[in-house]
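In: how would this look folded up:
(2 chains)
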Amino acid sequence: MKILTCPVNGPRNITEFQYLGPFRAADPENPDQLIESLFYAENPLGVLKEWWRHTPSNTILIAERHTVTDQIIATYLPNRKPA
Amino acid sequence: MPFSLLKYGLRSRHVPYGDIPKTPDLKRAYDVVIIGGGGHGLAAAYYLSNVHGITNVAVLEKGYLAGGNTARNTTTIRSNYMTPESVAFYKEGVELYETMSQDLGFNIMFSQRGQLTLAHSEATLRSFHLRAEMGKYMGTKIEVVDVQTVRDLCPDLNLDIGGQHEILGGLWHADGGTARHDAVAWGYAKHAAARGVEIHQRTEVLGLGKTGDRVTEIKTNRGTIAAGQVLQAVGGLNGQVAELAGIKLPIRCFPLQAMVTQPLKPFLNTLVSSANLHTYLVQSSRGEIVIGGGSDPYQLASTRSTLDQKEHLAEGALHLFPFLHKVKLLRQWAGITDMTPDYSPIMGASPLSNYWLDCGWGTWGFKATPVAGKRMAETIATGRVPDILKPFDMRRFDNFALLNEMGATAASH
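Out: As a prediction, the model looks like this:
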């Protein structure tokens, strides 16, 4: 069982979470970045900042996770990154 | 071919031959450098050397020959796609498989036994009609069949009548088949090498040097070489290798997991696939049941398996064939798939003038090994992208001309 820590509900089985994809640098509201934001998602070999949802409590959160080791480095509520 | 085989078999003293020559020293320059020694790269090398007469070719492989996704896929060969562009392309792939053993003089164990995709709902059946009509229009063997025909085609299948996943019918694709993945790669490698193509194993590309809009030098762990033309076909690492050339690709990496059981007597004559259960099964010529189709639910570039996905695959397999419940698993694995937004590959030109792409093969690359190799070789030899590849150009994302094939597979993604 892999554990992801929900900032509201604490450590939970990762099967309780829904993956919502990478946190996107490109802005879909900016016409110059529309294609980028639609199709060219972040795909690093390294730490990826990404959106998740804790399904039972509908908590939307951000996780920073390494895409090679699958190690979860931090989880926090959007715009509330701990210092 | 059968005649020479008979002669070989009757000879009292066999001289075993090595199919793949040892890795030679790198030369300073090649007309064509192929990055990636998997099925696609080797097929391209074969067609370049055997059809187009271009033999000053190097294939660079980071690991060992065909040890990446060529070794990790579940060897489904079919052309039952949704868009006419895809069906035309994959149909040519299936046709090349039909004659490949003869063409190569190398038994690739192609077994064209048909693929049966199951419908557990009316909605799925309707989508099957769309696929069947498109396939018929394009000249492939495909039809929607009722549950009685499903039973005739696959008598051991649990139809689950009255249950949660009751089988209402299926999509029968008689052109579907399977082949031995290693043999495909080795057959191409053998014939390419015989014409002078150099296959460099344990040769990792570390950097690409550009002059203007051309890649002029390739830095590897064994030295730097110059190249006239470059083909990139590196499976799961396509996004990263393209970045070395300064090209960003619309690719996200997800592992796809699969497994095989211990060998059983032959009972499963078709390929069986269920999109509802995200599971597909095929019995290999060794008797093992290959169970495939579990993509990890989030982006990852690791080939480690997870118990969650294996349990999910086992659940699907047991639902379709409950009598497998005491069968042991022999092997399990994962491969990194390079997924594109529309579930179609990226083939053809790149923003650089001498750098060609054969990427974005996600979970659907093995079936296209011969046709991708053939058409990419044609592209490199003539400098012109053939019409059949044009819809797969990476600029389709900029033009919103996507080729949506998301519903054409049972893999879970």
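
In: In contact with the residue most central in space within chain B, which residues?
Out: Nearest residue to the geometric centre of chain B (Cα atoms, centre = their mean): B:Phe366, 1.2 Å. B:Phe366 makes contacts with B:39, B:69-70, B:73-77, B:181, B:184, as judged by Cβ atoms under 8 Å, 6 or more residues apart in numbering or on different chains. Quick note: C-beta positions are derived from backbone N, CA and C, even for glycine.

In: quick one: A:Pro78 is in a helix?
Out: No: with DSSP: H, G, I helix; E, B strand; the rest coil as the criterion, A:Pro78 is coil rather than part of a helix.

In: beta partners of the closest residue to it other than its chain neighbours?
Out: Closest residue to A:Pro78 in three dimensions, ignoring its sequence neighbours and counting by Cβ to Cβ, 6 or more residues apart in numbering or on different chains: A:Ile62, at 5.7 Å. As for beta bridges, A:Ile62 partners with A:Trp51, A:Tyr76 under DSSP bridges.

In: What's the local residue count around A:Ile62?
Out: When counting by other Cβ atoms under 10 Å in any protein chain shown, one arrives at 19 neighbours for A:Ile62.

In: repeat for B:Glu133
Out: Other residues close to B:Glu133 by other Cβ under 10 Å number 13.

In: Could you tell me which ranges of the stretch 1-150 of chain B sit under the pLDDT cut-off?
Out: B:1 (pLDDT under 70).

In: can you tell me the residue of it closest to chain A?
Out: Nearest residue of the stretch 1-150 of chain B to chain A (Cβ to the nearest Cβ) works out as B:Lys62 at 13.7 Å.

In: Excluding sequence neighbours, find me the nearest residue to that residue.
Out: That would be B:Glu204: by Cβ to Cβ, 6+ apart, it lies 4.2 Å from B:Lys62.

In: measure the one you found to A:Ile73 for me?
Out: According to Cβ to Cβ, to the nearest Å, B:Glu204 stands 27 Å off from A:Ile73.

In: can you check B:Ala194 too?
Out: Taking Cβ to Cβ, one finds B:Ala194 at 50 Å from A:Ile73.

In: re earlier: list the contacts for the residue nearest to A:Pro78?
Out: A:23, A:49-52, A:75-78, A:81 are the contacts of A:Ile62 under Cβ under 8 Å, 6+ apart.

In: how does it look with 10 Å?
Out: Going by Cβ atoms under 10 Å, 6 or more residues apart in numbering or on different chains, A:Ile62 touches A:7, A:20, A:23, A:49-52, A:74-81.

In: What of B:Gly360?
Out: Per Cβ under 10 Å, 6+ apart, neighbours of B:Gly360: B:238-239, B:249-251, B:337-347, B:392, B:394.

In: Pull the number of nearby residues for residue 29.
Out: Just going to use chain A. 7.

In: try chain B instead
Out: By the measure other Cβ under 10 Å, the count of residues near B:Ala29 is 14.

In: Can you tell me the SS state at B:Pro370?
Out: helix.

In: do the same with the one 5 residues further on
Out: For B:Arg375, the assignment made with three-state DSSP gives helix.

In: Would you check that it makes contact with B:Pro345?
Out: No: counting by Cβ atoms under 10 Å, B:Arg375 does not reach B:Pro345; the two are 11.1 Å apart.

In: Quick check: neighbours shared by these two?
Out: With Cβ under 10 Å, 6+ apart, B:Arg375 and B:Pro345 have common neighbours B:89, B:358, B:368, B:389, B:392.

In: Beta-bridge partners for the second one, please?
Out: Beta bridges link B:Asp358 to B:Met347, judged by DSSP bridges.

In: so it touches B:His40, yeah?
Out: Yes: contact status for B:Asp358 versus B:His40: in contact at 5.3 Å, counting by Cβ under 10 Å.

In: Please identify the residues of the stretch 301-413 of chain B in proximity to chain A?
Out: B:301-302, B:304, B:306-308, B:338-342, B:394, B:396-400, B:402 (Cβ under 10 Å from any Cβ of the partner chain).

In: Just the buried ones among those residues, please.
Out: Buried subset of these (neighbour count, 16 or more other Cβ atoms under 10 Å in any protein chain shown): B:301-302, B:306, B:308, B:338-342, B:394, B:396-397, B:402.

In: What is the most widely separated pair among those?
Out: Longest distance between any two of those is 34.1 Å, between B:Asp308 and B:Arg396; criterion Cβ to Cβ.

In: For B:Ala226, which three-state class applies?
Out: Here B:Ala226 is strand, with the state taken from three-state DSSP.

In: With B:Ala71 instead?
Out: helix.

In: And the strands in chain A?
Out: A:3-6, A:10-13, A:17-22, A:47-54, A:59-66, A:72-76 (DSSP state E).

In: closest to A:Pro31 out of those?
Out: Counting by Cβ to Cβ, and looking across all of those, nearest comes strand A:17-22 at 21.1 Å.

In: who does that closest one pair up with?
Out: Per DSSP bridges, strand A:17-22 is paired in its sheet with strand A:47-54 (antiparallel).

In: Next, the angle from the strand it pairs with to strand A:72-76.
Out: In this structure, strand A:47-54 runs at an angle of 50 degrees to strand A:72-76, with axes from the mean of the first three to the mean of the last three Cα atoms, to 10 degrees as the basis.

In: ok, B:Ser302 - contacts?
Out: A:45, A:66-70, B:253, B:255, B:296, B:334, B:336.

In: what about burial for the residues you listed, which qualify?
Out: Buried among the contacts of B:Ser302 by 16+ other Cβ under 10 Å: A:66-67, A:70, B:253, B:255, B:296, B:334, B:336.

In: Report the two of those residues separated the most.
Out: Checking the buried ones among the contacts of B:Ser302 with Cβ to Cβ, the most distant pair is A:His66 and B:Ala334, at 16.7 Å.

In: Tell me the residues on chain A that lie near chain B, please.
Out: A:1-2, A:13-15, A:17-22, A:35-36, A:38-46, A:48, A:50, A:52, A:63, A:65-70.

In: thinking again about what came up before, isn't the residue of the stretch 1-150 of chain B closest to chain A up against B:Gln240?
Out: No: using Cβ under 10 Å, B:Lys62 is not in contact with B:Gln240, being 11.1 Å away.

In: burial of the residue nearest to B:Lys62, as a residue count?
Out: When neighbours are counted by other Cβ under 10 Å, B:Glu204 comes out with 14.

In: That one and B:Leu244 touch, don't they?
Out: No: under the criterion of Cβ under 10 Å, B:Glu204 is not in contact with B:Leu244, lying 11.0 Å apart.

In: quick one: common contacting residues for these two?
Out: By the contact definition Cβ under 10 Å, 6+ apart, B:Glu204 and B:Leu244 are jointly contacted by B:35, B:219.

In: where exactly do the strands run in the stretch 251-400 of chain B?
Out: Per DSSP state E, counting those that start in this stretch, the stretch 251-400 of chain B carries strands over the ranges B:252-263, B:271-274, B:279-283, B:288-295, B:329-339, B:346-349, B:355-359.
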